[in-house]
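# Provided below are the primary sequence and the corresponding predicted coordinates.
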Amino acid sequence: MTNHIPGMYASAEDFLESRRDWLEVHTLEVEPGAFDVVLKIDGTYFDRDTAREVAESFAADLRHLLARIGKADQ
């Protein structure tokens with residue numbers, strides 16, 4: 001895994017534009033008869049630990065960007 005710096009994206013637009021080729025919306029059955037709507041932002045991984053690391057990194061990016069959006073509205 002590369003050393004990723006949370007907040008490396010200048011804006012939410014920058015983040016989404018860089019993910020354009022992977023963006024998809026899906027439903028995911030989380031228990032029988034219960035579904036989440038999920039936004040896919042990256043390609044497929046074949047190693048669970050790597051996928052989790054990448055997911056955590058993207059989550060940190062999104063938290064950082066959402067915090068900046070909230071501050072810009074104040």
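Everything's here; your move.
# Would you map the strands across this protein?
24-31, 34-40 (DSSP state E).
# For these, give me a markdown table that also has mean pLDDT and distance to Asp49.
Quick note: C-beta positions are derived from backbone N, CA and C, even for glycine. Shown next, in a markdown table, are those (pLDDT from 0 to 100; distance: least, C-beta to C-beta, whole Å):
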| stretch | mean pLDDT | distance to Asp49 |
| --- | --- | --- |
| strand 24-31 | 96 | 20 |
| strand 34-40 | 95 | 19 |
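# most tightly surrounded among these?
Of the strands of the chain, the one with the most neighbours on average (mean count of other C-beta atoms under 10 Å) is strand 34-40, at a mean of 11.
# What is that one packed up against?
strand 24-31 (3 or more C-beta pairs under 8 Å, 6 or more residues apart in numbering; DSSP states H and E).
# Pull up the pairing partners for the strand it packs on, direction included.
Note on strand 24-31: by DSSP bridges, its sheet partners are strand 34-40 (antiparallel).
# which outside residues touch the strand it pairs with?
The contact list for strand 34-40 (C-beta atoms under 8 Å, 6 or more residues apart in numbering) reads 22-30.
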